[in-house]
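[1] Sequence plus the predicted model coming up.
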2 protein chains.
Amino acid sequence: MPYPEEAEGFQVDGPNTFTQFHKRFYKLKPFGDYDVDIKIEACGVCGSDVHTISGGWGSQKFPLCVGHEIIGRAIRVGPKVTLIKEGQRVGVGAQSYSCGECKQCLNDNETYCPVQMMDTYGSEWPETGIISQGGYSSHVRTHEHWVFPIPDALSSNTVAPMLCAGLTAYSPLVRNGAGPGKKVGIVGLGGIGHFGIMFAKALGAETWAISRSRAKEADALKLGADGYIATAEEGWEEPHKFSFDLIINCANSSEGFDLARYLSMMDVHGRWVSVGLPEEEGQIIKAQNLISNGVLIGASHLGSRREMLQMLQLAADKGLRGWVEEIPIGEEGLKEAMLRMKKGDVHYRFTLTGYEKVFG
Amino acid sequence: MPYPEEAEGFQVDGPNTFTQFHKRFYKLKPFGDYDVDIKIEACGVCGSDVHTISGGWGSQKFPLCVGHEIIGRAIRVGPKVTLIKEGQRVGVGAQSYSCGECKQCLNDNETYCPVQMMDTYGSEWPETGIISQGGYSSHVRTHEHWVFPIPDALSSNTVAPMLCAGLTAYSPLVRNGAGPGKKVGIVGLGGIGHFGIMFAKALGAETWAISRSRAKEADALKLGADGYIATAEEGWEEPHKFSFDLIINCANSSEGFDLARYLSMMDVHGRWVSVGLPEEEGQIIKAQNLISNGVLIGASHLGSRREMLQMLQLAADKGLRGWVEEIPIGEEGLKEAMLRMKKGDVHYRFTLTGYEKVFG
């Protein structure tokens, strides 16, 4: 099999034309001793993709091919690779490199590495001038640490969104003690949130879905929620005062969000951890809002390799799968995905499929 | 010895005249089975006293006698009291009652009791219509749970401020793991902060004082700080990026506070815990400010009885004492204390003395 030096992918040229994708060839980074080449089979469509190419998170390097919930086949491994075997089915998530040597990297905090952070798309590979391109494409080339074997029990199309959305929910759950005897809330039933419910329940916590209306209640219960809170209803927080050990805030917007009411549901020293990155200007927080129950507010960014492997195993063991709508990759499919993502019209994740047909 | 049914204390009539104290008699609450009457010997002057009577924390019940860093002698104990003996030297802090039965009260979180919270001054005693009055006075009457035996090794005048300021610093330190191998910062070298440095060091943590200028550096080192950061100096945060496990923010104002620079010094999942309650309108926090190191932001309110007793024992064992300036209680002394507190002109706490002379 010939090794690719180029990949072919669907790029966007700027935020004003973020629904127009152009199929193009571009150079991969030089192949390194620890690199793995992956022929892509499926890719989830993450909220980050839309924030990035529509300009919501500020300026980016265009043209850009996004996509960081990648499933594919390892078709070539570097001479020093030990974590991945050629031919293995593997995944790649939102990050593709870190220094590997700092205190954070050595302590399962590589997604917080302050020395060298490479996103799977839009970052410059060290000393190359080459901007990383994501998984709306035929191939990616990535350091083995950021490539994850996929258990056989998981189907490519339903596991794909776990690579970013799933891990983003899973890591703060396990880092903040979600498990038996704990009451955990998941705010926002979207791509990340639906995994939040699934994993909180799988980890043994009493799991509550928190959403605006009751529209998603049936889904939440099916995903494993023990209870459901609709914040459009009067007095929604009252029965839950001082009761939650942990709430993972997966909401994609902070507009109209009355944080103090949510925080009033936290037990003493409970934790409110945000995983979404709304485009708006944050929230005013006074010490007074935090002091009545000594709550801690935080944010979480992806999760470690170790957590990724644990999460995939948990999903395999418990038969968990992302709830996905499949969309064939291509100009049309991608445009539809972007427009519907912008409206929040997806239950609960798109997975791009049909790679073989488009890229051969 | 006759038991008092009234106390005599120095009251303020409203925020516009908060430096004018009037010596008056007022009724104590009815004596209960678990109550302790305390003849006061000394009382610290807390920032809360000034915030309260000057109106900075909103409307209050006037006339009011403040003071909640009380040291005195137990002159009478109720028939069911088991924690305190008559004649014992004791202290009272900022809180004087909670329900005693809820989940929080049963778990050393009585200062977060959501059922019944009584401040030592300005709260209404249940079913009495009587507003609690503080320690700028001859006597207080309080439930035994909120009365703490003072170890002999500690002098009344220097231990007084530990009853509020000391505990406020001590509790978040022990609750957030301050100890050997941890790097702890104390922001704001005032009444609470000077105890923060003292206790963080006594608990075994690498302790850093963080202040605006270098004016307090010598004091900080004398208090036990291992290092000093002056935030008026360029690049002050640079050498400390990703290094603090815990920072206790004791600053009394949030004006001009660039929180993101402070947070950049936190290690991954480090904790930033505020104990001050600035009068200003809080700070805007974006998830983006928290995500680069997954830091947790919280607030802490006083500390439990158990922590109070541990703190007093630690102080006795290690010979720790508050750095106080003594001021004789009286109209003049109180006026001076209030004016100097407003200016932050105190190193690092006032203790009111001369009770015997004024109250007999």
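    Looks like it arrived, so ask away.

[2] Going by C-alpha atoms from here, please, whenever you check contacts or count neighbours.
    Will do.

[3] so which strand or helix has the closest residue in space to A:Val77 that isn't next to it in sequence?
    Closest residue in space to A:Val77, ignoring its immediate chain neighbours: A:Val36 at 4.5 Å, by Cα to Cα, 6 or more residues apart in numbering or on different chains. Using DSSP states H and E, A:Val36 falls within strand A:35-45.

[4] what does the stretch 251-360 of chain A have sitting close to chain B?
    Contact residues (Cα under 8 Å from any Cα of the partner chain) of the stretch 251-360 of chain A with chain B: A:268, A:274-278, A:281-288, A:290-301.

[5] Export the strand holding A:Val36 to CSV, keeping only CA atoms.
    Provided in CSV are the C-alpha atoms of strand A:35-45 (Å, rounded to 0.1, in the frame of the first residue of the first chain):
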residue,chain,number,x,y,z
ASP,A,35,3.6,9.0,14.0
VAL,A,36,0.6,7.0,12.9
ASP,A,37,-1.2,7.5,9.5
ILE,A,38,-4.9,6.9,9.7
LYS,A,39,-7.3,6.3,6.9
ILE,A,40,-10.5,7.8,8.1
GLU,A,41,-13.8,6.0,8.1
ALA,A,42,-16.1,8.3,10.1
CYS,A,43,-15.9,11.6,11.9
GLY,A,44,-18.3,13.3,14.4
VAL,A,45,-19.3,16.9,13.9
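
[6] A:Leu312: what secondary structure?
    helix (DSSP: H, G, I helix; E, B strand; the rest coil).

[7] In contact with it, which residues are there?
    A:Ile150, A:Pro151 (Cα atoms under 8 Å, 6 or more residues apart in numbering or on different chains).

[8] separation between it and chain B?
    23 Å (Cα to the nearest Cα, to the nearest Å).

[9] for A:Phe257, same thing?
    According to Cα to the nearest Cα, A:Phe257 and chain B sit 13 Å apart.

[10] what's the neighbour count on that residue?
    Using other Cα atoms under 10 Å in any protein chain shown, A:Phe257 has 11 neighbouring residues.

[11] mind checking pLDDT for it?
    Looking at A:Phe257, its pLDDT stands at 79.

[12] Double-check that it belongs to a strand.
    No: judged by three-state DSSP, A:Phe257 forms no part of a strand; its state is coil.

[13] Now it: phi and psi?
    Backbone torsions of A:Phe257, given as degrees, to the nearest 10, read phi -90, psi 120.

[14] Going along the chain, name the helices of chain A.
    Listed in chain order, the helices of chain A (DSSP state H) span A:47-53, A:156-159, A:165-175, A:191-202, A:217-223, A:259-263, A:287-291, A:305-318, A:331-343, A:355-359.

[15] Which neighbouring elements make contact with the second one?
    Packing partners of helix A:156-159 (3 or more Cα pairs under 8 Å, 6 or more residues apart in numbering or on different chains; DSSP states H and E): strand A:35-45, strand A:324-328, strand A:349-353.

[16] What count of nearby residues applies to A:His68?
    The burial count for A:His68: 30, using other Cα under 10 Å.

[17] Is there a neighbour count for the closest residue in space to A:Leu221 that isn't next to it in sequence? I'd like the number.
    Spatial nearest neighbour of A:Leu221, excluding adjacent residues (Cα to Cα, 6+ apart): A:Gly227 at 7.2 Å. When neighbours are counted by other Cα under 10 Å, A:Gly227 registers 14.

[18] Any idea what A:Gly227 is bridged to?
    A:Trp208 (DSSP bridges).

[19] can you pull the contacts of the residue in the stretch 51-200 of chain A positioned nearest to chain B?
    Nearest to chain B in the stretch 51-200 of chain A, going by Cα to the nearest Cα, is A:Tyr112, at a distance of 5.8 Å. Residues near A:Tyr112 by Cα under 8 Å, 6+ apart: A:Gln104, A:Cys105, A:His301, B:Val268, B:Ser292, B:Asn293, B:Gly294.

[20] can I get the residues you listed in a markdown table with pLDDT?
    Shown next, in a markdown table, are the contacts of A:Tyr112 (pLDDT from 0 to 100):
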| residue | pLDDT |
| --- | --- |
| A:Gln104 | 95 |
| A:Cys105 | 96 |
| A:His301 | 92 |
| B:Val268 | 96 |
| B:Ser292 | 88 |
| B:Asn293 | 92 |
| B:Gly294 | 94 |
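
[21] Let me know which of the helices of chain A is tucked in deepest.
    Of all the helices of chain A, helix A:191-202 has the most neighbours on average by mean count of other Cα atoms under 10 Å in any protein chain shown, namely a mean of 28.

[22] Straight-line length of stretch A:117-126, end to end?
    10 Å (Cα to Cα, to the nearest Å).

[23] Pull the distance from it to the chain's centre.
    16 Å (Cα atoms, centre = their mean, to the nearest Å).

[24] That one and chain B, are they touching?
    No: interface with chain B: stretch A:117-126 contributes nothing (Cα under 8 Å from any Cα), its closest point being 10.7 Å away.

[25] if we can go back for a sec, buried subset of the residues of the stretch 251-360 of chain A next to chain B, written for PyMOL?
    Remark: buried members of these, expressed as a PyMOL selection using 16 or more other Cα atoms under 10 Å in any protein chain shown:
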select buried, chain A and resi 268+274+275+276+277+278+282+283+285+286+287+288+290+291+292+293+294+295+296+297+298+299+300+301
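
[26] contacting residues for A:Lys23?
    A:Glu8, A:Gly9, A:Phe10, A:Gln11, A:Glu331.

[27] Out of these, the closest to chain B would be?
    With Cα to the nearest Cα as the yardstick, the closest approach to chain B among the contacts of A:Lys23 comes from A:Gln11, at 26.3 Å.

[28] A:Gly122 versus the closest one, what's the distance?
    From A:Gln11 to A:Gly122 the distance is 11 Å (Cα to Cα).

[29] higher neighbour count, these two?
    Neighbours per residue (other Cα under 10 Å) separate A:Gln11 from A:Gly122, with A:Gln11 holding more: 26 against 20.

[30] what's around A:Tyr78, how many residues?
    Check again: residue A:78 is Gly, not Tyr. The burial count for A:Gly78: 18, using other Cα under 10 Å.

[31] Outline the domain layout of chain A.
    A:6-164+A:303-359, A:166-299 (automatic domain parsing).

[32] which stretch in those domains has the least confidence?
    domain A:166-299 (a mean of 93).

[33] how distant is that one from the center of its chain?
    17 Å.

[34] same question, stretch A:100-109
    Mean-position distance between stretch A:100-109 and its chain equals 21 Å (Cα atoms, centre = their mean).

[35] if you skip the residues just before and after it, what's nearest to A:Leu339?
    A:Thr19 (7.3 Å).

[36] Pull up the gap between that neighbour and A:Tyr121, please.
    Relative to A:Tyr121, and taking Cα to Cα, A:Thr19 is found at 17 Å.

[37] Over to A:Tyr26?
    Going from A:Tyr26 to A:Tyr121 by Cα to Cα gives 13 Å.
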